[in-house]
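Participant: below are the sequence and a predicted model for it; my questions follow.
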Amino acid sequence: MYNKVQQFVEAAGMLNVSMGDVLGDDATLAIGKMVDVYKKSTDTLKDKSSK
């Protein structure tokens with residue numbers, strides 16, 4: 001468990017450094033929201049067929 005938390009903190013730090021100029025101080029929060037929207041839309045659309 002500790003290893004996962006450490007990985008998350010390290011990744012969040014990298015995101016804030018690399019995307020902070022674009023997304024502001026809350027880069028981790030913004031990317032988390034984007035991931036959540038992507039996941040929900042993917043789950044919603046997976047049962048629909050393209051015709």
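Facilitator: Arrived safely.
Participant: helix or strand with the lowest mean pLDDT in the protein?
Facilitator: Comparing every helix and strand of the chain by mean pLDDT, DSSP states H and E singles out helix 2-23 as the least confident one, with a mean of 84.
Participant: run through the neighbouring helices and strands of that helix.
Facilitator: Under the contact criterion of 3 or more CB pairs under 8 Å, 6 or more residues apart in numbering; DSSP states H and E, helix 2-23 touches helix 27-45. The way it works is simple: take the backbone N, C-alpha and C, and place the C-beta from them, glycine included.
Participant: and the residue nearest the centre of the chain, what pLDDT?
Facilitator: For the chain, the residue sitting closest to the mean C-alpha position, by CA atoms, centre = their mean, is Gly32 at 3.3 Å. On pLDDT, Gly32 comes in at 84.
Participant: ditto for the one 10 residues further on
Facilitator: Model confidence at Thr42, expressed as pLDDT, equals 90.
Participant: same thing with the one 3 residues further on?
Facilitator: For Leu45, the model assigns a pLDDT of 87.
Participant: may I see the buried residues of the least confident helix or strand of the chain?
Facilitator: Neighbour-count burial for helix 2-23 flags 15-16, 23 (criterion: 16 or more other CB atoms under 10 Å).
Participant: what's the angle from it to helix 27-45?
Facilitator: Taking axes from the mean of the first three to the mean of the last three CA atoms, to 10 degrees, one finds helix 2-23 and helix 27-45 inclined to each other by 100 degrees.
Participant: gap between helix 2-23 and the chain center?
Facilitator: Computed by CA atoms, centre = their mean, to the nearest Å, the separation of helix 2-23 from the middle of its chain amounts to 10 Å.
Participant: output it as PDB, restricted to C-alpha atoms.
Facilitator: What follows is helix 2-23 as a C-alpha-only set of coordinates in PDB (Å, rounded to 0.1, in the frame of the first residue of the first chain):
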ATOM      1  CA  TYR A   2       2.800   2.400   0.900                       C
ATOM      2  CA  ASN A   3       4.400   1.800  -2.400                       C
ATOM      3  CA  LYS A   4       1.200   2.800  -4.300                       C
ATOM      4  CA  VAL A   5       0.900   6.100  -2.300                       C
ATOM      5  CA  GLN A   6       4.500   6.900  -2.900                       C
ATOM      6  CA  GLN A   7       4.000   6.300  -6.600                       C
ATOM      7  CA  PHE A   8       1.000   8.500  -6.700                       C
ATOM      8  CA  VAL A   9       2.800  11.300  -4.900                       C
ATOM      9  CA  GLU A  10       5.700  11.100  -7.200                       C
ATOM     10  CA  ALA A  11       3.500  11.100 -10.300                       C
ATOM     11  CA  ALA A  12       1.400  14.000  -8.900                       C
ATOM     12  CA  GLY A  13       4.700  16.000  -8.400                       C
ATOM     13  CA  MET A  14       5.700  15.300 -12.000                       C
ATOM     14  CA  LEU A  15       2.300  16.400 -13.300                       C
ATOM     15  CA  ASN A  16       2.400  19.600 -11.300                       C
ATOM     16  CA  VAL A  17       5.900  20.400 -12.600                       C
ATOM     17  CA  SER A  18       5.200  19.500 -16.200                       C
ATOM     18  CA  MET A  19       1.600  20.700 -16.600                       C
ATOM     19  CA  GLY A  20       1.500  23.400 -13.900                       C
ATOM     20  CA  ASP A  21       2.000  26.200 -16.400                       C
ATOM     21  CA  VAL A  22      -0.900  25.000 -18.500                       C
ATOM     22  CA  LEU A  23      -3.300  23.700 -15.800                       C
END
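Participant: if anything else comes up later, I'll come back, but that's it for now.
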